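Make a model of this:
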Amino acid sequence: MKTTSSPTSNCSANKEGKNMEFVIDGKNMLDRRSAHEEIARALRFPDYYGHNLDALFDLLSTFEGKVVIKNAASALNAMGAYALSIFKTFMDAQEENRHFTITFE
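You can find the predicted model right below:
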């Protein structure tokens with residue numbers, strides 16, 4: 001019998017609960033690729049994470065935990081408008097999902 005799992009069932013962050021804090025370092029977000037790698041590392045996303053804004057929103061919509069993006073200004077300086085798009089994706093997902101919060105430092 002083949003079983004399937006939901007996208008979040010393999011995400012270790014979701015197994016640990018909403019009281020966990022996950023820190024993303026904006027200094028490691030130099031371009032689109034490195035930004036999504038840093039997000040995936042910090043939030044412990046599964047290997048199938050698509051490394052784009054749609055995939056980010058999809059996983060954040062069921063994510064549980066407190067997310068802090070420290071050195072957000074560094075990401076903004078390095079990536080400009082794309083950093084703003086990432087930040088907006090986090091804020092939009094927070095509006096949809098009461099189990100996670102985002103803070104920028």
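
Find the residue at the geometric middle of this structure.
Central residue of the chain (C-alpha atoms, centre = their mean): Ile39, 5.0 Å from the mean position.

Show the contacting residues for that one.
By C-beta atoms under 8 Å, 6 or more residues apart in numbering, the residues touching Ile39 are Ile24, Met29, Phe45, Leu56, Ile86. In this view, the C-beta of every residue, glycine as well, is placed from N, C-alpha and C.

which residues of the protein score low on pLDDT?
Where the chain drops to pLDDT under 70, the residues are 1-18.

Could I get the full set of helices for it?
12-16, 32-43, 53-60, 72-79, 81-96 (DSSP state H).

by contact count, what packs against the longest one?
With contacts taken as 3 or more C-beta pairs under 8 Å, 6 or more residues apart in numbering; DSSP states H and E, helix 81-96 sits against helix 32-43, helix 53-60, strand 65-70, helix 72-79, strand 100-104.

I'd like the ones you listed written out as CSV, with distance to Asp92 added.
Formatted as CSV, these follow (distance: least, C-beta to C-beta, whole Å):
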stretch, distance to Asp92
helix 32-43, 15
helix 53-60, 7
strand 65-70, 13
helix 72-79, 16
strand 100-104, 10
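
Nearest to Asn19 among the ones you listed would be which one?
strand 65-70 (7.5 Å; C-beta to C-beta).

returning to that earlier point: could you identify which of the contacts of Ile39 has the most neighbours?
The most crowded member of the contacts of Ile39, judged by other C-beta atoms under 10 Å, is Met29 (27 neighbours).

my guess is it meets Ala35, correct?
Yes. If you go by C-beta atoms under 8 Å, Met29 and Ala35 touch, sitting 3.9 Å apart.

Tell me the residues that contact both of the two, please.
Common neighbours of Met29 and Ala35 (C-beta under 8 Å, 6+ apart) are Ala75, Met79, Ala83, Ile86.

measure Asn19 to Thr62 for me?
16 Å (C-beta to C-beta, to the nearest Å).

Same question for Asp92.
In terms of C-beta to C-beta, Asp92 sits 14 Å off from Thr62.

burial count for Phe57?
Quick note: Phe57 (other C-beta under 10 Å) scores 16 neighbours.
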